[in-house]
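*Asks:* quick one: sequence plus predicted model below, questions after.
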Amino acid sequence: MNMMLKVCATALLLVPAAAFADSAFDGTWKFSANHIQLPKKPVVFLLQDGQFTCKSCRSTQTFKADGTDQKMMGDATIDTVAITVVDANTVTSVFKLGGKTIMTRKTVLAADGKSLVDETTSLYGAAPQTYKEKMTRISAGPEGSHAISGSWHEAKLLSSSGPSNLVTYGMTADGFTMSSNGQSYSAKFDDKQYLTKGDPAKTMVNLKKVSDTEVIETDSQGGKPVETEDMTVSADGKTIHVVDTTLYNKSAQHYDLTKQP
């Protein structure tokens, strides 16, 4: 061993082991429907005279509910939506981006009209991800409107099925990585935006390192910030607490990710 290599090797032995330790975020984490607090702001639907409006959604425009593709404005993740009134209790929606189906939704009202189940299948990842959510009625829609009309409380996420339930994170002194269901990013803590690979919506992320156990991610779509995720690792290192805020209406949901072996 030459003198320079010997000096370097000796120096490495003197570096504390902690300098090479994994970060608190490193590893694979699992989402469960049992560990989520849904947004408290009401969801507001109006379906009347063959026209549908979601007054609480990112796009609040009115669409014909005739099963044909309607141009959607104001949402960089969706180009068109086709809304179909199946019967007195059921409405379906098909969302497309670039001409391809990117998400489907089936909304079914309970017989008593006091609750509904919203089943959504997302195709944004490499494989489908399905969510079922129960909403309870706050108020009815106007007279003559379809039964799903009115204000609804997001009461419970009944299930979440698919590969998006798992996410892998990694953190270094100057950067952060994410990988889940065919989507990934590698971003620096330098106040710049980085593309999420594999995402048809071309989401850009900006990462801020608050501490070794807290990172804030800001997502932008179509040049506009749309969402923040404040992620904090618990003291025991077994859980990531996430506060996920939708920026257009300042509505937040809280959920936990559990460290996998």
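*Replies:* Sure thing, it's come through.

*Asks:* Ser251 pairs with what?
*Replies:* Ser251 forms beta bridges with Thr246, as assigned by DSSP bridges.

*Asks:* and it, how many neighbours?
*Replies:* For Ser251, the neighbour count with other Cβ atoms under 10 Å is 17. C-beta here means a position set from N, CA and C on the backbone, and glycine is covered the same way.

*Asks:* wouldn't it be in contact with Val243 here?
*Replies:* No - counting by Cβ atoms under 8 Å, no contact exists between Ser251 and Val243, whose distance comes to 11.3 Å.

*Asks:* for the stretch 51-200 of the chain, give me the ranges with low pLDDT.
*Replies:* Under the criterion pLDDT under 70, no range of the stretch 51-200 of the chain is flagged.

*Asks:* need the per-residue pLDDT for Thr10.
*Replies:* The predicted structure scores Thr10 at 35 on the pLDDT scale.

*Asks:* just checking, what packs against the stretch of helix or strand Ala82 belongs to?
*Replies:* Ala82 is part of strand 80-87, with elements assigned from DSSP states H and E. Secondary structure elements in contact with strand 80-87, counted by 3 or more Cβ pairs under 8 Å, 6 or more residues apart in numbering; DSSP states H and E, are strand 62-64, strand 70-71, strand 90-97.

*Asks:* now find how far off-centre that strand is within its chain.
*Replies:* Offset of strand 80-87 from its chain centre (Cα atoms, centre = their mean, to the nearest Å): 23 Å.

*Asks:* give me the buried positions along that strand.
*Replies:* Applying a neighbour-count criterion of 16 or more other Cβ atoms under 10 Å, the buried positions in strand 80-87 are Thr80, Val81, Ala82, Ile83, Val85.

*Asks:* try stretch 87-104
*Replies:* Applying 16+ other Cβ under 10 Å to stretch 87-104 flags Val91, Thr92, Ser93, Val94, Phe95, Lys96, Leu97, Ile102, Met103, Thr104 as buried.

*Asks:* do the same with stretch 45-58
*Replies:* When neighbours are counted by 16+ other Cβ under 10 Å, the buried residues of stretch 45-58 are found to be Phe45, Leu46, Leu47, Gln48, Phe52, Thr53, Cys54, Ser56, Cys57, Arg58.

*Asks:* do stretch 227-235 as well
*Replies:* Taking 16+ other Cβ under 10 Å as the criterion, stretch 227-235 shows Glu227, Thr228, Glu229, Asp230, Met231, Thr232, Val233 as buried.
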